[in-house]
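> With the sequence up front, the predicted model follows.
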2 protein chains.
Amino acid sequence: MSELGKIGTYQFVTEPFHVDFTGHITLGVLGNHLLNVAGFHSHDRGFGIDRLNKEHYTWVLSRLALEMLSDLPYQYEPFTIETWVENVYRLFTDRNFAVLDKEGKPVAYARSVWAMIDTDTRKPVDLMAIHDGDIAGYICDKVCPIEKPSRIKVSSKEPAEVLPVRYSDLDINGHVNSIRYIEHILDLFPVDTLKKQRVRRFEMAYVAETLATDSMAFYIDKVEEGHYDVEVKKNLAETVCRSKVVFDDLPLAV
Amino acid sequence: MSELGKIGTYQFVTEPFHVDFTGHITLGVLGNHLLNVAGFHSHDRGFGIDRLNKEHYTWVLSRLALEMLSDLPYQYEPFTIETWVENVYRLFTDRNFAVLDKEGKPVAYARSVWAMIDTDTRKPVDLMAIHDGDIAGYICDKVCPIEKPSRIKVSSKEPAEVLPVRYSDLDINGHVNSIRYIEHILDLFPVDTLKKQRVRRFEMAYVAETLATDSMAFYIDKVEEGHYDVEVKKNLAETVCRSKVVFDDLPLAV
């Protein structure tokens, strides 16, 4: 077991091309930072994908839920992301995040759920069988005061939008990258809606991969005022991810 | 005049969600880094937009040209960007960039052209009248061995694509952000084309701003094999930017 603490702490500055029209960091960029710090934290503790890949394992992101308590960092503002492991089950691990503003006040929390798969068989592996179950030594009891990711079920049968997969959607594996779905889903909403309301909670459930030759169809259920469930299907058939978007009643402070 | 050197040097690491299906950093992300280091460099020398905005001035990017000498940095690889001022004219300044790989070898160069405008009148200002012409003290004779941005003229009258402006396109000013055009223009090419050929040179000429209520129409001229000129017009009418994309004959080393 390494001497490193259980909580990883990482510093950022809000870059000008990473903010939206309100001047605050976008959820896509913030999601990117969360996945990066997950990588740094696990790498520094012997569970980075560079080492795992050599052992024919890799991490797969299953769920991501973000909840905003107040405005996200503004252009040029420094901020901090903390991350820690909350639980390790046989096939999944829960990793949490806190986003702290320049004064150290939490402005958002996030929860993520990860599986490890065998890159040869593509099957999940028993986390407690990897590196003698070392991962359990990093479990931390820091509180993450937001709800766990929920089950999302979409009933709409008519896509609100169908997009071809384009070059900028693809990651190193030739799959649509996890962050790009967040951007596409936010882009389903009229700019005017996003001017009037702030996203309070955003969830992603990743189910399957989309390739360059697939299309992405977006189905939306309006569950209630300000609460939308979204399903993305490739080729109008197979579910690739589901999302929940909950807006605040409050207008956004632009 | 500050004690800082004329050449600014900035370190980066290639993040996993910032690479394309080849594993190399995307031109959009690289362009974002270039504009950021331009900001850092000018800020540290008294010409940052925070100070300029207080004086009712701001920088406006007019041209950007990138040329790749070899593969761009690969996922997780560190790299360096150098930037310096090549020329200062009355209404424009030329700022250049070198992208160095982890061994310090240049893998790309870039040129940019900037104007300063008065934020009240939106008119260009005389750069030599700002801060007693201090900016001229930063002119540096480091060589940038790529051609200057060229004139781009597109004759096609039929748009290859028309896109609405969406939330993720917009910057803090409510304009389509300069980087997003680069992504949209690359996305005009079939993924298969980008699998077979590498972009050797990419130019942008920024002419006007696109708002959330506008549409973006993309017109393409194939000038010769592997060389495309692109014009973006808002609402099928007014030019907002022009671009030149030149592919290598060589297949990309994936």
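That came in fine, so what should we check first? Numbering: from 1, shown residues only, chains lettered A, B, ... in the order given.
> Break chain A into its domains for me.
In the domain annotation for chain A, the residue ranges read A:8-138, A:161-247 (automatic domain parsing).
> Residue A:9 contacts residue A:84, correct?
No: no contact is recorded between residue A:9 and residue A:84 when judged using CB atoms under 8 Å, the distance being 9.8 Å. All C-beta atoms are positioned from the backbone trio N, CA, C, and that covers glycine.
> Quick one: residues contacting residue A:108.
Contact criterion CB atoms under 8 Å, 6 or more residues apart in numbering or on different chains gives A:30, A:66-69, A:72, A:98-99 as the residues in contact with residue A:108.
> buried sites along the helix or strand containing it?
Using DSSP states H and E, residue A:108 maps to strand A:106-118. With burial defined by 16 or more other CB atoms under 10 Å in any protein chain shown, the residues of strand A:106-118 counted as buried are A:107-117.
> between residue A:9 and residue A:84, who's got more neighbours?
Neighbours per residue, other CB atoms under 10 Å in any protein chain shown: of residue A:9 and residue A:84, the larger number sits with residue A:84, 21 against 14.
> that older thread, rebuild the domains of chain A as CSV, extending it with mean pLDDT.
Supplementary listing: the domains of chain A in CSV, determined by pLDDT from 0 to 100:
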stretch, mean pLDDT
domain A:8-138, 94
domain A:161-247, 96
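> Make TSV from these and add distance to residue B:103 to it.
Formatted as TSV, these follow (distance: least, CB to CB, whole Å):
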stretch	distance to residue B:103
domain A:8-138	20
domain A:161-247	22
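> Can you say which of the ones you listed is nearest to residue B:201?
Each of the domains of chain A was scored for nearness to residue B:201 using CB to CB, and the closest is domain A:161-247 (17.1 Å).
> Is chain B within reach of the closest one?
Yes: counting by CB under 8 Å from any CB of the partner chain, chain B has neighbours in domain A:161-247: A:165-168, A:170-174, A:177-179, A:183, A:186-187, A:189, A:191, A:194, A:212.
> Could you tell me which of those residues count as buried?
Applying a neighbour-count criterion of 16+ other CB under 10 Å, the buried members of these are A:165-168, A:170-172, A:174, A:177-179, A:183, A:186-187, A:189, A:191, A:194, A:212.
> Next, count neighbours for residue A:53.
When neighbours are counted by other CB under 10 Å, residue A:53 registers 12.
> now swap in residue A:55 and tell me
Around residue A:55 sit 12 other residues, with neighbours defined as other CB under 10 Å.
> Name the nearest residue to it, ignoring sequence neighbours.
residue A:130 (8.0 Å; CB to CB, 6 or more residues apart in numbering or on different chains).
> Residue A:57 is in contact with that neighbour, correct?
Yes: applying CB under 8 Å, one finds residue A:130 in contact with residue A:57, separated by 6.8 Å.
> shared neighbours, those two?
Overlap of the contact sets of residue A:130 and residue A:57 (by CB under 8 Å, 6+ apart) consists of residue A:116.
> ok so, going back, what about the residues of domain A:161-247 next to chain B, which are in helices?
Using DSSP state H, the members of the residues of domain A:161-247 next to chain B that fall within helices are A:178-179, A:183, A:186, A:191, A:194.
> where does the residue positioned nearest the centre of chain A land in three-state SS?
For chain A, the residue lying nearest the average C-alpha position, counting by CA atoms, centre = their mean, turns out to be residue A:64 (3.9 Å). Judged by DSSP: H, G, I helix; E, B strand; the rest coil, the three-state class of residue A:64 is strand.
> And for the nearest residue to it once chain neighbours are set aside, the neighbour number?
Beyond its immediate neighbours in the sequence, the residue positioned closest to residue A:64 (CB to CB, 6+ apart) is residue A:204, lying 4.5 Å away. Residue A:204 is surrounded by 26 other residues when neighbours are defined as other CB under 10 Å.
> From residue B:65, how far out is residue A:204?
Counting by CB to CB, to the nearest Å, the separation of residue A:204 from residue B:65 is 37 Å.
> Ok, residue A:189 next?
Relative to residue B:65, residue A:189 is positioned 35 Å away (CB to CB).
> same question, residue A:120
Residue A:120 is 45 Å from residue B:65, by CB to CB.
> More neighbours: the two, which one.
A direct count of neighbours by other CB under 10 Å for residue A:120 and residue B:65 places residue B:65 higher, at 22 against 8.
> gap between that one and residue B:90?
In this structure, residue B:65 and residue B:90 are 22 Å apart, going by CB to CB.
> Hmm, residue A:214 and residue A:174 touching each other?
No: counting by CB under 8 Å, no contact exists between residue A:174 and residue A:214, whose distance comes to 10.9 Å.
> where exactly do the helices run in chain A?
Residue ranges of the helices in chain A, as given by DSSP H, are A:27-44, A:49-54, A:178-186, A:191-196.
> For the last one, name the packing helices and strands.
Okay, so that is helix A:191-196. For helix A:191-196, the packing partners by 3 or more CB pairs under 8 Å, 6 or more residues apart in numbering or on different chains; DSSP states H and E come out as none at all, with no helix or strand in contact.
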